[in-house]
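[1] Sequence and predicted structure, then a few things I'm wondering about:
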Amino acid sequence: MKKRGLSIRYKVLLLLTSIPLITLTAYLVLAMRIFEDDKIAYVFDSSSTMSGTMAAQIKTQLNAVLGTAKPIYQDYLSVYKFTPVAKSIFDNEDNIENVIVFTPNEQGQYQKAAFLEKIAGGSDGFLNSIQSKLPMYFTEVDASQRIVKVPFNDDRVLIMDKVWNQDKTKATIFVILVRMGETAEMFKGATSQHMYLVSADGTVLFGPENLVGQNLKTTVAPNFLTDPTSRIPQGAETVKAANGVDYLVSFSKAGFGDLTVVTTIEKSKALSAVQILIRKSLIFFGILISLTVIISLFASTGLTQALTQLFTATKKVSEGDFNVRVKVDSNDEVGSLADNFNLMAAEVSRLLEQTAEKARMESELQTAKTVQETLFPEARAKIGPLSIAGFYEPASECGGDWWHYCKVGEKIFLWIGDATGHGAPAALITSAAKSASTIIEQLDISPAKAMELLNRSIYDVSKGRIMMTFFLASFDLQTGRLVYCNASHEAPFLIKKSDDPLKKKDLVALNEVNNPRLGQSRESVYEQTSIQVSEGDAVFFYTDGIPDIQDPAKTSWGEREFIKALIAANKDFPSVADSVDRFATSFQTHRQGAPLVDDVTFFVVKNDGIQ
């Protein structure tokens, strides 16, 4: 008698279990990997955005402090003592508590030469409290020219700035103690993600209270902290902490001193939803196989028919058709298995619909970009004696930069602004600025008064959460006088016409006034000043995204190359169109097609005189 193999019942059992087992296992592994990778990418993207936004805000705030302190520096260096002008500026800055000047003696040791203080004796008390740290601070500032410290582990920030006289023979160190309470509180928030402001050696300046003043490397040691040669301004990585816990770490350098904003979250917490999905999928998978085995033992014929349907359905699922459904009339375990399969396919189909919805939202962002482009004027224009040409390219679908020009009576108003960060929130602020400007254009007011109205509009829209640097000027068609008001924006350059090729000395920075950013306080008051723009003179307006342009190796263009390119583009005092095209070619050559880290906006205005 021929020896037979397994009976048909067991063959059916093997068939029923093996096909779903192999197919669903492959699907489960693939789906879990996709879900996990997608979740990690989402966490990295959101945390990188958070750290980048906070880094930009830190940079803006500290640059605003230095912008305020610059006139104090200049006042002191002019006569080597503080005059009432410096005292007045200092008294009007509530956040700055002390300004102390140190100069080297004959032995090369730094000693206090002058000071400004809000409270009598405050500077001495402050210096006594950091007496033991001062030698180390002086060594660091000699090496790097500028350092930022938080010596008291609270919201008081110490900025030490080394300034040389014009012939580089005498150095002066300015010590500024400023309070940044709101910023410190933002870093203290206890959530699933923790944010830290750290220095190059890893010392936590702002963060959760139990870690301020400690070294972040004792808890988490990302590569950018352990590798001092790293120059990457922003990044994300997975780091194993000293206690063996994996962390997802994102960082963004502030671009001010050696400060870096770091965001951390435990990988297990970030992937908790994926782990729950895996456990539920495994439970469901086990139930599915168990039911298949039990049913196949009692109903071979009916089970074979149902198995054919399930096999066909699982094959379609493996091919990507998640809309397939199985129709089984039985009310036993086979019917339950079919129902569970239908539930699984429906859930996967729902996830695919969510993916399609994400694609739809990206399409809407592209539409928003198209709409935002309507906020900008024509890139080339001629208004009276003024020729105007501009350039704008956002770093993402929607940008935070905006520029504009308009004629109001016998004056031409020139507008340029930069909202905090970029993307949809910043784009909303630029829309608010455009709307406000449309109303302001109907009023016969000065740039300073227009800036106050614009500030109130921005503040009411953002409630102080998103701010905007801004520069507003008006050119008088009768006198050629340019009246301007600056709200912590990059100072434009007046390009003076001469018979010789353009040199650096022919660039005049319009930085005589510097006011608070728009949206910082609803009651901010703005000052203005004026300068003569003669026939043949031009003015170059820009945002801070230009010096930050990077090549594929993440190397920034920088202020020096920016100035060199500006001089080269205008060396023969060309038309505004040629000036814009030359300058754009310069930074595009450096960029080599690399993504922008910030929006790029600039425009050139030239007084051609009466033609």
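    Now that the structure is in, tell me what you want to look at. Quick caveat, the model's predicted, so the values are computed rather than measured. Numbering: from 1, shown residues only.
[2] Direction included, what does the one helix or strand Leu494 maps to pair up with?
    Take DSSP states H and E as the rule and Leu494 turns out to sit in strand 493-495. Sheet pairing for strand 493-495, assigned by DSSP bridges, gives strand 507-509 (antiparallel), strand 538-542 (antiparallel).
[3] pLDDT on it, on average?
    Computed over strand 493-495, the mean pLDDT rounds to 96.
[4] how many neighbours does the closest residue to Ala221 other than its chain neighbours have?
    Excluding the flanking residues, the one nearest Ala221 by CB to CB, 6 or more residues apart in numbering is Val239, at 6.6 Å. In this view, the C-beta of every residue, glycine as well, is placed from N, C-alpha and C. By other CB atoms under 10 Å, the residues close to Val239 number 18.
[5] Same check on Lys240?
    12.
[6] so who does it touch?
    Asp246, Tyr247 (CB atoms under 8 Å, 6 or more residues apart in numbering).
[7] So what touches stretch 99-106?
    69, 72, 76, 82, 86, 90, 110-117, 123, 126-127, 138, 170-177.
[8] pretty sure Ile458 is in contact with Ser431, am I right?
    No - in this structure Ile458 lies outside contact range of Ser431 using CB atoms under 8 Å: 10.9 Å.
[9] Looking at these two, which is more packed in?
    Ile458 (27 against 18).
[10] Tell me the buried residues in the helix or strand where that one lies?
    Assigned by DSSP H and E, Ile458 belongs to helix 447-462. For helix 447-462, the neighbour count (16 or more other CB atoms under 10 Å) marks 447-448, 450-459, 461-462 as buried.
[11] one step back: which ChimeraX command selects the buried ones in the contacts of stretch 99-106?
    Buried members of the contacts of stretch 99-106, defined by 16+ other CB under 10 Å, are picked up in ChimeraX with:
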select :69,72,76,82,86,90,110,113,114,115,116,117,123,126,127,138,171,172,173,174,175,176,177
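[12] Which of the contacts of stretch 99-106 fall within strands?
    110-117, 171-177 (DSSP state E).
[13] now, the most widely separated pair of these?
    Maximum pairwise distance among the ones in strands among the contacts of stretch 99-106 (CB to CB): 22.7 Å, between Glu117 and Ala171.
[14] Could you count how many residues lie near Gly536?
    Gly536: 14 neighbours (other CB under 10 Å).
[15] do Ala143 as well
    That count, for Ala143 with other CB under 10 Å as the rule, works out to 9.
[16] So for Ile295, what's the pLDDT?
    At Ile295, pLDDT is 69.
[17] Go ahead and confirm Val157 touches Met180.
    Yes - the pair Val157 / Met180 is scored as a contact, 5.2 Å apart, by CB under 8 Å.
[18] any idea how far the host helix or strand of Ile22 is from the chain center?
    Using DSSP H and E, Ile22 sits within helix 8-79. Remark: helix 8-79 is offset 15 Å from the chain centroid, using CA atoms, centre = their mean, to the nearest Å.
[19] Please say which of Val157 and Met180 ends up with more neighbours.
    Val157 (26 against 22).
[20] show me what contacts that one?
    Val157 touches Leu62, Val148, Lys149, Val150, Leu177, Val178, Arg179, Met180, Leu205, counting by CB under 8 Å, 6+ apart.
[21] Sheet partners, orientation included, of the helix or strand containing it?
    Taking DSSP H and E as the criterion, Val157 maps to strand 156-164. Strand 156-164 pairs in its sheet with strand 146-149 (antiparallel), strand 171-179 (antiparallel), by DSSP bridges.
[22] Perfect, that will be all.
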